[in-house]
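Asker: starting from these lines, generate the structure:
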Amino acid sequence: MLLLAFDTATPAVTAAIAENTADGSFTLHADVSSVDARRHGELLTPAIHSLTEQAGHTLADLDAIAVGVGPGPYTGLRVGLATAHALADALDIPCHGVATLDTLAFATERDEPFIAMTDARRKEVFWARYDNHLTRVGEIGVAKPADLDTSGLPLVGDGARMYSDVFGAGATTPEPLYPDAAAMARSALLRLARGEELLAPRPLYLRRPDAVVPGSPKKVRQWVK
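Answerer: Predicted coordinates:
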């Protein structure tokens, strides 16, 4: 199966093309990542075109797409999901969702419990607890750093780095900071090969977006002379 994977739910725009074969082997054909919180829409499509050239494939060769479903800031997250749906529809191939924190956790390759977290803005973090890089414990949450009980576990991700003054020693080695599409592709292909069902390609929202629909215009009093 030839898979295109990408995630735009954090400041990183990361994409990869990878493949697994009938004998279970994994091949990463190409991957690219850049960090720019304001240019997701500008960076993703050129990155995908560059990947296909590096991998020696065309989009028509793809068998499936995996896209990060967040949680993450509204605008960046929607760029990835809209692109994934458009490509999947045009190519008539399956589109799968992967939680962004699960991708971050998988990339750590840790075999002991830890917490992964990303920046949620509004002085909060998105977070989840893991038994190891393959196993999440419970649901993904959002919280203010000072309200989060880390139980002394190691912390990874950009959210841990940003609030290391709050978390203390547990956040001294937070790498990787961002999700990596190569790890995302590997984990998605591994789970699909096992017959596991991935998430639907829909955004994982844990709170209302920053943008709101404008209310009714205020009435203007007319002064009469």
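
Asker: let me see the confidence value for the most centrally placed residue in the chain.
Answerer: By Cα atoms, centre = their mean, the chain has its centre lying nearest to residue 100, at 3.0 Å. As predicted, residue 100 sits at a pLDDT of 97.

Asker: so what's the residue count around residue 159?
Answerer: 28 (other Cβ atoms under 10 Å). In this view, the C-beta of every residue, glycine as well, is placed from N, C-alpha and C.

Asker: wait, a strand at it?
Answerer: No. Applying DSSP: H, G, I helix; E, B strand; the rest coil, one finds residue 159 to be helix, outside a strand.

Asker: tell me the pLDDT of it.
Answerer: 94.

Asker: was I right to think residue 97 contacts residue 70?
Answerer: No. Look at residue 97 against residue 70 with Cβ atoms under 8 Å: they stay out of range, at 9.2 Å.

Asker: please enumerate the strands of the protein.
Answerer: Residue ranges of the strands in the chain, as given by DSSP state E, are 2-7, 12-20, 26-35, 64-68, 95-98, 114-121, 124-132, 135-143, 155-156.

Asker: what residues are bridge-paired with the residue nearest to residue 144 when sequence neighbours are not counted?
Answerer: Nearest residue to residue 144 in three dimensions, chain neighbours excluded: residue 124, at 5.4 Å (Cβ to Cβ, 6 or more residues apart in numbering). Beta bridges link residue 124 to residue 121, judged by DSSP bridges.

Asker: counting neighbours, go ahead and name the busier of residue 97 and residue 70.
Answerer: residue 70 (29 against 21).

Asker: and that one, what does it touch?
Answerer: Residue 70 makes contact with 9, 77, 99, 100, 126, 203, 204, 205 under the criterion Cβ atoms under 8 Å, 6 or more residues apart in numbering.

Asker: count of neighbours near the third one?
Answerer: To tie it back to what came earlier, the one meant is residue 99. Using other Cβ under 10 Å, residue 99 has 24 other residues around it.
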